[in-house]
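Novice: give me a 3D structure for the following:
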Amino acid sequence: MSDLHIWTGLLVGWFLYAMFLTGTVSYFKDEISQWMRPEIAHQAQVPDAAVVAQHVADKLRTEAAGSPQWSIGLPDARNNVVSAFWRTPGVEGRRAFQSGTFDPVSGDKVAGRDTGGGNFFYRFHFQFHYMPVLWGRWLAGFCAMFMLVAIVSGVITHKKIFIDFFTFRGGKGQRSWLDAHNALSVFGLPFHLMITYTGLITLAALYMPWGSQAAFKTPAERQELSAQLSAFITPAKPTGQAATLAPIEDMVRQAQARWGRDNIQRVNITLPGDAAARVTVSRGDEGRASVSPQYMLFEGTTGKLLETKDSVGPAAETRGVMYALHLGRFGDTATRWLYFLVSLAGTAMVGTGLVMWTVKRRQKLPDPDRPYVGFWLVERLNIAAIAGLSIAMTAFLWGNRLLPLDLPRRSEWEVDLLFIVWGLALLHAMLRPAKRAWIEQLWIATAALALLPIVSAFTTERPLWRSLLAGDWVFAGLELTLWALAALHALLAIRTMRHSAKVKPARRAVAPVTTTATPAGEGA
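Specialist: Numbering: from 1, shown residues only. Predicted coordinates for the structure are as follows:
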């Protein structure tokens, strides 16, 4: 079990660290997206979803004329814009959809900077980048399964894991790393087990599709399954008879009366302008420990309520609960911070495990200054995967502030910049002595994080002090968090500077013991 724990953790540890860290920041992906679009004004209060939906639907009549499908994502306490997409008629594949961002008050299209926002971290967390989406999800699932095995085997291996949680011996080299690894593991053990298992469950249909294929054989059964998992309804055949949509505002008002004024998530419209039009108004995730779809279906031309979907089957509801537990969207701000902190501890758990592998084996090297190739490679990958990723993710945010606003493919260049900097971090780790590389990259991460709010103050009209005075805690909170993370990296850099590797001295030969007779009455 010890060998299983060590090798399942090491072989995919660098992937797991990146998945954990990007997943951790994804709990505030909406707030990150707001910060990355500083042109969009601070939202003092959540606008009325019914009015917003009507404004944007009116705008889409001209913006998406002829489209057979509209989808309007409504603003909430964490999102200050309307995100809409629509299908382009006669086009198939990924290019079949266009999207736009709209102002919730006026309904006009927002001319904010082109950016992937916090959604990039969310997507990277489970499908990586620069590879087909399915390949990325398969790789993420493979790593998550290794993580699950590492957690279970770690609990079995460390028989005194709960006792060790209350023990920390600083400055003891390998012992200190093991204590830190144990404490971080036990601190969030239920969370780490839950987040790993639910992550696998959310994509179980991709990894193990044979159950649903065996259970749902006819098109009608598959359509019912789709309805259980999604609020998107299959469009009816268009009649060809032109008809005006009934007021969307009235339909949303009915949903608000059922679920609350600020708990409406999305409005989907199929065949707008046709007599067969249908409108679904979906409930938000607030206060629900499940993301299974709940919606109200209306006849598009009359506004008549056709169906209210309040529940799904047991299997779909189980998936909905698992998905909600993994995403944490049901909670308030305090719950998201709890998710963030425990997930950050999980990131540190993976990181300390990777470092402990090298610390433990360095003591046994014949010549620590000339380690064998495998050890050298693991040590350099650790530096780039841990310290280097902090620099790269911060470079992504720097790119948002410094890249020209009219740069073609600007959002893609933000992502490219992250990977360019990450590659340079790996190159730096390979060219420098290990300890110096750790110290230098941790100080670079410290400087990058600490200076980012200052750069933002000079490149936008929303400096930190103005955000604090305006009560804009999305901007102020994110930039204060950057400074807290800078302080954490500075502490790690100082600790690394003061650390000295302890190498076990070579065994000295023991002189043979000669025995002499002891006089009677004397002690031996």
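
Novice: from here on, just use CA atoms for contacts and neighbour counts.
Specialist: Fine.

Novice: can you tell me how far Leu468 sits from Val474?
Specialist: 10 Å (C-alpha to C-alpha, to the nearest Å).

Novice: also Gly117?
Specialist: Relative to Val474, and taking C-alpha to C-alpha, Gly117 is found at 14 Å.

Novice: return every residue with contacts to both of the two.
Specialist: Shared contacts of Gly117 and Val474, defined by C-alpha atoms under 8 Å, 6 or more residues apart in numbering, are found at Gln34.

Novice: so Leu468 and Val474 - more neighbours on which side?
Specialist: Using other C-alpha atoms under 10 Å as the criterion, Leu468 and Val474 rank with Val474 on top: 20 against 15.

Novice: dump the residue contacts of that one.
Specialist: So Val474 contacts Glu31, Gln34, Trp35 (C-alpha under 8 Å, 6+ apart).

Novice: can you check Val312 too?
Specialist: With contact set as C-alpha under 8 Å, 6+ apart, Val312 has these partners: Gln228, Ser292, Pro293.

Novice: tell me what the strand or helix carrying Asp416 is packed against?
Specialist: In this structure, Asp416 sits in helix 410-431 according to DSSP states H and E. The contact analysis (3 or more C-alpha pairs under 8 Å, 6 or more residues apart in numbering; DSSP states H and E) places helix 410-431 against helix 373-402, helix 434-459.

Novice: of all the ones you listed, which one is nearest His489?
Specialist: Counting by C-alpha to C-alpha, His489 lies closest to helix 434-459 out of the helices and strands packed on helix 410-431; the figure is 5.4 Å.

Novice: wait, a helix at Trp86?
Specialist: No: Trp86 is assigned strand when assessed by DSSP: H, G, I helix; E, B strand; the rest coil, not a helix.

Novice: pull the number of nearby residues for it.
Specialist: Applying other C-alpha under 10 Å, we find 23 residues neighbouring Trp86.

Novice: repeat for Glu224
Specialist: Using other C-alpha under 10 Å, Glu224 has 12 neighbouring residues.

Novice: ok, the contacts of Val312 vs Gln54, which is closest?
Specialist: Pro293 (22.1 Å).

Novice: next, the angle helix 373-402 makes with the helix holding Asp416.
Specialist: On the basis of axes from the mean of the first three to the mean of the last three C-alpha atoms, to 10 degrees, helix 410-431 is oriented at 150 degrees to helix 373-402.

Novice: on that earlier part again, would you reformat the contacts of Val312 as TSV and include pLDDT, neighbour count and distance to Leu245?
Specialist: Output for those, formatted as TSV (pLDDT from 0 to 100; neighbours: other C-alpha atoms under 10 Å; distance: C-alpha to C-alpha, whole Å):
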residue	pLDDT	neighbour count	distance to Leu245
Gln228	81	21	26
Ser292	89	25	28
Pro293	89	22	24
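
Novice: now the residues you listed in JSON lines, with distance to Met430?
Specialist: Output for the contacts of Val312, formatted as JSON lines (distance: C-alpha to C-alpha, whole Å):
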{"residue": "Gln228", "distance to Met430": "51"}
{"residue": "Ser292", "distance to Met430": "47"}
{"residue": "Pro293", "distance to Met430": "49"}
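
Novice: out of those residues, the closest to His499 would be?
Specialist: For these, the nearest to His499 is Ser292 (50.4 Å; C-alpha to C-alpha).

Novice: give me the nearest residue to that closest one, chain neighbours excluded.
Specialist: What sits nearest to Ser292 in space, not counting adjacent residues and going by C-alpha to C-alpha, 6 or more residues apart in numbering, is Gly320, at 4.6 Å.

Novice: in this structure Ala150 contacts Leu10, no?
Specialist: No: using C-alpha atoms under 8 Å, Ala150 is not in contact with Leu10; the gap is 9.5 Å.

Novice: list the residues that contact Thr202.
Specialist: Arg319, Met322, Tyr323.

Novice: quick one: which of those sit in helices?
Specialist: Arg319, Met322, Tyr323 (DSSP state H).

Novice: next, count neighbours for the second one.
Specialist: Looking back up the chat, that one is Met322. When neighbours are counted by other C-alpha under 10 Å, Met322 registers 22.

Novice: next up, the contacts around it.
Specialist: Residues counted as contacts of Met322 (C-alpha under 8 Å, 6+ apart) are Thr198, Ile201, Thr202, Ser290.

Novice: got the residue ranges for the strands in the protein?
Specialist: Taking DSSP state E, the strands of the chain run over residues 69-73, 82-87, 97-102, 264-270, 278-283, 295-299, 305-309.

Novice: if I look at Gly351, how far off is Gly328?
Specialist: Going from Gly351 to Gly328 by C-alpha to C-alpha gives 23 Å.

Novice: neighbour count winner among those two?
Specialist: Using other C-alpha under 10 Å as the criterion, Gly351 and Gly328 rank with Gly351 on top: 22 against 18.

Novice: right, and the more buried one touches Ile386 too?
Specialist: Yes: shown here, Gly351 and Ile386 form a contact pair, counting by C-alpha under 8 Å, at 6.8 Å.

Novice: find residues that contact each of the two.
Specialist: With C-alpha under 8 Å, 6+ apart, Gly351 and Ile386 have common neighbours Tyr17.

Novice: on that earlier part again, which of the helices and strands packed on helix 410-431 sits closest to Trp138?
Specialist: Closest approach to Trp138 among these (C-alpha to C-alpha): helix 373-402, 20.5 Å.

Novice: please point out which parts of that closest one sit buried.
Specialist: 375, 378-401 (16 or more other C-alpha atoms under 10 Å).

Novice: what's the answer for stretch 404-424, then?
Specialist: Going by neighbour count (16+ other C-alpha under 10 Å), the buried part of stretch 404-424 is Arg410, Ser411, Trp413, Glu414, Val415, Leu417, Leu418, Phe419, Val421, Trp422, Gly423.

Novice: possible to save those as CSV with pLDDT?
Specialist: Shown next, in CSV, are the buried residues of stretch 404-424 (pLDDT from 0 to 100):
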residue, pLDDT
Arg410, 94
Ser411, 93
Trp413, 96
Glu414, 96
Val415, 97
Leu417, 97
Leu418, 97
Phe419, 97
Val421, 98
Trp422, 97
Gly423, 97
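
Novice: can you list those in JSON lines and add distance to Leu134?
Specialist: Formatted as JSON lines, the buried residues of stretch 404-424 follow (distance: C-alpha to C-alpha, whole Å):
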{"residue": "Arg410", "distance to Leu134": "25"}
{"residue": "Ser411", "distance to Leu134": "22"}
{"residue": "Trp413", "distance to Leu134": "23"}
{"residue": "Glu414", "distance to Leu134": "23"}
{"residue": "Val415", "distance to Leu134": "19"}
{"residue": "Leu417", "distance to Leu134": "24"}
{"residue": "Leu418", "distance to Leu134": "22"}
{"residue": "Phe419", "distance to Leu134": "20"}
{"residue": "Val421", "distance to Leu134": "26"}
{"residue": "Trp422", "distance to Leu134": "24"}
{"residue": "Gly423", "distance to Leu134": "24"}
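
Novice: nearest to Leu492 among the residues you listed?
Specialist: Nearest to Leu492 out of the buried residues of stretch 404-424 is Trp422 (C-alpha to C-alpha; 19.3 Å).
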